[in-house]
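Colleague: how would this look folded up:
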Amino acid sequence: MKKLVIIPTYNERENIEAMIEKVMSLEGGFDLLVIDDGSPDGTAEVVESYRQAYHGRVHLIRRAGKLGLGTAYLAGFKWGLEEGYDYLAEMDCDFSHNPDDLERLVAAAEAGADVVVGSRYVKGVNVVNWPMSRLLISYFASKYVRIVTGMPIHDATAGFVCYRRAALEKILKNEIEMKGYGFQIEMKYTAWRLGLKLHEESIIFTERREGASKMSGGIFGEALFGVMKLRFKKLKVES
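Modeller: The predicted structure follows:
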């Protein structure tokens, strides 16, 4: 089974080298696709050197500028499906998501889940080093999504997710409109509405140690107000 990890980057030079080495060392045999949005700090150049060292396992898509988290993942999903990957996982570059957990997410998908969410909130609150204000915003944002949409997911904004190939193909037959962090909510909501099996695997989320966070008020606002529109979204191939 072919497994792909998709990581979007913008100014992640401080993290990307260690992340590539870690993913390449995992026993599960993961390949890696980095989608870089024109990082001025040379992130793409670092990836390029590893692409040559791990020929056929490390891949790079360069984009001209910051085009949004959602469009980066959609480009990665399209590439991965065309290349025949069976399991496609998404995660951050800053080690807030532990790469060791990739094997658990894939195992849950192999056991029958269509979409496996690396969840911070399915078993209490598993977040390390976040200020209380940000933690409360994130936690209650997921509560808000559950109330508004009815989707039974504890961590709707999670960005650590593994998709089975067939499930992802079904989801992507529908237009995913949100481009920022709302993208994560819309992907899960679309999967749920299509009758796909979602599973939350408990993880520990640790705030980045290197580099700057990409979170902003505008990104959060898109997710907040975009959720209201999801209830009225018409889907293709809906069960």
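
Colleague: In this structure T157 contacts S142, no?
Modeller: Yes. Look at T157 against S142 with C-beta atoms under 8 Å: they come within range, at 5.9 Å. Quick note: C-beta positions are derived from backbone N, CA and C, even for glycine.

Colleague: Packing partners of the helix or strand containing V46?
Modeller: Taking DSSP states H and E as the definition, V46 sits inside helix 43-53. Of the remaining helices and strands, those touching helix 43-53 by 3 or more C-beta pairs under 8 Å, 6 or more residues apart in numbering; DSSP states H and E are strand 3-9, helix 13-25, strand 30-36, strand 58-62.

Colleague: now the second one against helix 43-53, angle please.
Modeller: Orientation check (axes from the mean of the first three to the mean of the last three C-alpha atoms, to 10 degrees): helix 13-25 against helix 43-53 gives 20 degrees.

Colleague: If V58 is in a bridge, with which residues?
Modeller: L32 (DSSP bridges).

Colleague: how many other residues sit next to it?
Modeller: 20 (other C-beta atoms under 10 Å).

Colleague: Also L102?
Modeller: Neighbour count of L102, defined by other C-beta under 10 Å: 23.

Colleague: separation between it and V23?
Modeller: Counting by C-beta to C-beta, to the nearest Å, the gap from L102 to V23 is 8 Å.

Colleague: what's the overlap in contacts for these two?
Modeller: 5, 30 (C-beta atoms under 8 Å, 6 or more residues apart in numbering).

Colleague: quick one: D94 and N11 touch, right?
Modeller: No. Assessed by C-beta under 8 Å, D94 is found out of contact with N11, at 10.7 Å.

Colleague: Can you find the helix or strand of the protein with the lowest average pLDDT?
Modeller: Lowest mean confidence among the helices and strands of the chain (mean pLDDT, DSSP states H and E): helix 217-230, at a mean of 68.

Colleague: Show me what counts as buried in the helix holding V46.
Modeller: Using 16 or more other C-beta atoms under 10 Å as the test for burial, helix 43-53 gives 43-44, 46-48, 50-51.

Colleague: same for the longest helix that the chain contains, what does it pack against?
Modeller: Criterion DSSP state H: the longest helix present in the chain is helix 132-149. Counting contacts by 3+ C-beta pairs under 8 Å, 6+ apart, helix 132-149 is packed against helix 182-193, helix 217-230.

Colleague: Mind doing that once more with 10 Å?
Modeller: Helix 132-149 sits against strand 127-128, helix 182-193, helix 217-230, with contacts defined as 3 or more C-beta pairs under 10 Å, 6 or more residues apart in numbering; DSSP states H and E.

Colleague: highest average neighbour count across the ones you listed?
Modeller: Ranked by mean neighbour count, the helices and strands packed on helix 132-149 are led by helix 182-193 with a mean of 24 (mean count of other C-beta atoms under 10 Å).

Colleague: tell me how far the helix or strand just after that one is from the chain's mean position?
Modeller: Using DSSP H and E, the helix or strand that follows helix 182-193 in sequence is strand 198-202. In this view, strand 198-202 has its centroid 14 Å away from the chain centroid, taken as C-alpha atoms, centre = their mean, to the nearest Å.
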